[in-house]
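**Student:** Fold the following.
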Amino acid sequence: MPDTTSDTTPLLLREGVLLGLATTDRTDAVRQAGQVLVDIDAVEPAYVDSMHEREAMVSSFVGEGFAIPHGTDEGRALVRRASLAFLQFPEGVDWAGQTAYVAIAIAAAEDEHMGVMSRLAQVLLEPDTAERLRTTDDPEEVLALLAPDPTDPTH
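**Tutor:** Numbers count the residues shown, from 1 in each chain. Coordinates of the predicted model:
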């Protein structure tokens with residue numbers, strides 16, 4: 001199994017937060033998200049292909065303007081360390097008939113990302129917080145809003 005992040009290393013680091021981006025379409029947004037994971041040395045470059053394969057199977061749009069592109073089960077072997085990337089597209093992008101403003105790319109070999117995903121589920125139920133993530137120009141705000149709840153057992 002690939003080496004994964006330790007319990008003390010956050011999955012979403014400052015260098016994985018990119019705000020104010022532009023994209024032409026969902027395919028380009030997934031490519032950009034995958035490239036961030038490559039750039040932060042979380043995945044092998046071939047993981048980006050795995051993300052496109054997964055997106056072709058089923059849309060990763062989850063609602064409230066958010067998508068969570070990630071690789072296929074087979075793509076997990078290409079993960080160097082569990083990590084997330086947060087990409088904000090203020091103009092929005094057509095994501096299989098829905099408009100996404102944020103793509104949170106996931107690189108995980110196991111279930112290391114569940115604490116952040118649990119927090120994202122909570123955020124999606126809080127319209128004001130979701131709006132802040134869609135519109136903020138402060139990477140630190142993203143990190144604070146998506147920080148896993150230490151009392152959550154999936155953290």
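**Student:** neighbours around the residue nearest to residue 41 when sequence neighbours are not counted, how many?
**Tutor:** What sits nearest to residue 41 in space, not counting adjacent residues and going by C-beta to C-beta, 6 or more residues apart in numbering, is residue 80, at 6.1 Å. C-betas here are computed from N, CA, C, even on glycine. If you count neighbours by other C-beta atoms under 10 Å, residue 80 ends up with 19.
**Student:** Low-confidence ranges, this protein, go.
**Tutor:** Applying pLDDT under 70 to the chain flags the ranges 1-9, 113, 115-116, 148-155.
**Student:** Only alpha carbons, please: show the lengthiest helix in it as PDB.
**Tutor:** Of all the segments assigned as helix in the chain under DSSP state H, the longest by residue count is helix 26-39. The C-alpha coordinates for helix 26-39 follow below in PDB (Å, rounded to 0.1, in the frame of the first residue of the first chain):
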ATOM      1  CA  ARG A  26     -15.200  20.200 -16.700                       C
ATOM      2  CA  THR A  27     -12.500  18.200 -18.400                       C
ATOM      3  CA  ASP A  28     -10.100  21.200 -18.000                       C
ATOM      4  CA  ALA A  29     -11.100  21.700 -14.400                       C
ATOM      5  CA  VAL A  30     -10.400  18.000 -13.600                       C
ATOM      6  CA  ARG A  31      -7.100  18.400 -15.400                       C
ATOM      7  CA  GLN A  32      -6.200  21.400 -13.400                       C
ATOM      8  CA  ALA A  33      -7.200  19.700 -10.100                       C
ATOM      9  CA  GLY A  34      -5.100  16.700 -10.900                       C
ATOM     10  CA  GLN A  35      -2.200  18.800 -11.900                       C
ATOM     11  CA  VAL A  36      -2.200  20.500  -8.500                       C
ATOM     12  CA  LEU A  37      -2.100  17.000  -6.900                       C
ATOM     13  CA  VAL A  38       0.900  16.200  -9.100                       C
ATOM     14  CA  ASP A  39       2.600  19.600  -8.300                       C
END
